[in-house]
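**Q** take a look and give me a structure for this.
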Amino acid sequence: MATYKDAGVNIEEGYKSVKLIKDYAAKTFIPGVINDLGSFAGMFELGAGLKNPVLVSGTDGVGTKLELAFKTKIYDTVGIDCTAMCVNDILCHGAKPLFFLDYIACGKLEAEVAADLVKGVSDGCSQAGCALIGGETAEMPGFYKEGEYDIAGFAVGVVDKENIIDGSEIQDGDVLLGLASSGVHSNGFSLVRKLIPDLDMDFHGRKIGEVLLTPTKIYVKPVLKLIEEVKVRGLAHITGGGFYENIPRMFKGEFTAVIEKNGFHVPEIFKYLMSLGVSEEEMFNTYNMGIGMVVCVRKEDVEKTVELLKAEGETVYKIGYVKAGGSGVCIK
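**A** Here you go, the predicted structure:
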């Protein structure tokens, strides 16, 4: 008699995976979580205190950075990447992340690997101050190769309507501050994999595969604290498309972001990629180049902004300014 297991789906391994995952999710629970994992849906109660709450959502994945995790057998960092890509995006509108759901797909489920992936998601949620309230693990034999996984996520946050950051208040002469990234983050890895096939290669005393797997930095807590004290006029998460695509996304009107490339530190990993034949323009169009989040404030708020962010442990650079007219980014 044919069984589901004969077709390549091990339900028992799925049960084991859920059991391992529950503890990681429970560590992220914050006020507002109503039910535990195991229900048909996650529930979250919006708290009081907001005049006109607006829900802000975002979804993303990790992309081909996952292949590095497969090859190195390091699975617990890409879950942080998955969380970071979503919560940093909704943060750009001033939203506080409330909860997160993940989706993992594979050819053959290994409970310990799935648990490591979710551990990373849980760690990311803890860094962002949000709750992991649900998810899905799909075993799809014949569709994914054994040993390979895909992971994606979905975050929901909230902001009072009057406090939404949408770039509408940005003006000529406003200053652009950059918050340092932790490395390559989660974009441009199709090119990285082509340029660096040997992940065991030494890179400043570490295997380069480990360096590249450094998880995406989560900026939620320091930026939310900043928003409480300073009128932030715009925020841009530097992801796929680098500087050229992402910084203009914070503008409502016709402005040019003038970026002074000598105003911030470019990590060695980006310099190494350039040494392998990638042009500087291509680098700024693909990677974060050491700046993971850009904050736009008035000139008179720069000093206070830098002090507040440094007090939260951030490395902050004055990377440029806003110029009226045109549309796009000028790197000089």
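**Q** what's the neighbour count on residue 210?
**A** Residue 210 has 15 neighbours, counted by other C-beta atoms under 10 Å. To be clear about C-beta, it is placed using only N, CA and C from the backbone, and glycine gets the same treatment.
**Q** please apply the same query to residue 324.
**A** For residue 324, the neighbour count with other C-beta under 10 Å is 12.
**Q** tell me what it is bridged to.
**A** residue 255 (DSSP bridges).
**Q** how about the contacts made by it?
**A** 171-172, 253-256 (C-beta atoms under 8 Å, 6 or more residues apart in numbering).
**Q** going through those residues, which ones are buried?
**A** Neighbour counting over those (16 or more other C-beta atoms under 10 Å) leaves 255-256 as the buried ones.
**Q** list the buried ones in the lengthiest helix in the chain?
**A** For the chain, the helix with the greatest residue count under DSSP state H is helix 111-128. Using 16+ other C-beta under 10 Å as the test for burial, helix 111-128 gives 111, 113-128.
**Q** following it, which helix or strand shows up next?
**A** strand 131-139 (DSSP states H and E).
**Q** model confidence score at the residue nearest to residue 330 when sequence neighbours are not counted, please.
**A** Once flanking residues are discounted, residue 330 sits nearest to residue 258: 5.0 Å by C-beta to C-beta, 6 or more residues apart in numbering. As predicted, residue 258 sits at a pLDDT of 98.
**Q** now swap in residue 44 and tell me
**A** You'll see residue 44 listed with a pLDDT of 91.
**Q** would you check how far apart it and residue 257 are?
**A** Separation of residue 44 from residue 257 (C-beta to C-beta, to the nearest Å): 36 Å.
**Q** residue 214 too?
**A** Taken as C-beta to C-beta, the span from residue 214 to residue 257 is 26 Å.
**Q** again, but for residue 276
**A** The value you get for residue 276 to residue 257, if C-beta to C-beta is used, is 28 Å.
**Q** ok, now residue 241?
**A** Counting by C-beta to C-beta - residue 241 and residue 257 are separated by 13 Å.
**Q** domain parsing for this structure?
**A** By the assignment in automatic domain parsing, the chain contains the domains 11-163, 175-331.
**Q** and the shortest one, how far from the chain's centre?
**A** Okay, so that is domain 11-163. Averaging C-alpha positions (C-alpha atoms, centre = their mean, to the nearest Å) puts domain 11-163 12 Å from its chain's average.
**Q** same check, this time on the last one
**A** Centre-to-centre, domain 175-331 and its host chain are 12 Å apart (C-alpha atoms, centre = their mean).
**Q** next, the distance between the ends of that domain.
**A** 15 Å (C-alpha to C-alpha, to the nearest Å).
**Q** picking up where we left off before, the more surrounded of residue 276 and residue 257?
**A** More crowded of residue 276 and residue 257, by other C-beta under 10 Å: residue 257, with 29 against 11.
**Q** which residues touch that one?
**A** 176, 243, 247-248, 251, 320-323, 328-330.
**Q** SS state for residue 65?
**A** Classification of residue 65 by DSSP: H, G, I helix; E, B strand; the rest coil places it in helix.
**Q** please read the previous query as pertaining to residue 98.
**A** Residue 98 is classified as strand under three-state DSSP.
**Q** was I right to think it contacts residue 32?
**A** Yes. Between residue 98 and residue 32 there is a contact at 6.4 Å, judged by C-beta atoms under 8 Å.
**Q** the more surrounded of the two?
**A** Just comparing residue 98 and residue 32: by other C-beta under 10 Å the higher neighbour count belongs to residue 98, 24 against 16.
**Q** residues in contact with the more buried one?
**A** Here residue 98 is in contact with 30, 32, 44, 46, 130-131, 156-158 (C-beta under 8 Å, 6+ apart).
**Q** cutoff 10 Å now
**A** 30, 32-33, 44-47, 55-56, 90, 128-131, 133, 155-158 (C-beta atoms under 10 Å, 6 or more residues apart in numbering).
**Q** can you check residue 43 too?
**A** With contacts defined as C-beta under 10 Å, 6+ apart, the neighbours of residue 43 are 32-36, 99, 133-134.
**Q** try it again at 8 Å.
**A** 33-35, 133.
**Q** just checking: the least confident one among those is which?
**A** residue 35 (83).
**Q** is it true that that one touches residue 45?
**A** No. Using C-beta under 8 Å, residue 35 makes no contact with residue 45, being 10.4 Å away.
**Q** of these two, which one has the most company?
**A** Under the criterion of other C-beta under 10 Å, the comparison of residue 35 against residue 45 puts residue 35 first, with 13 against 10.
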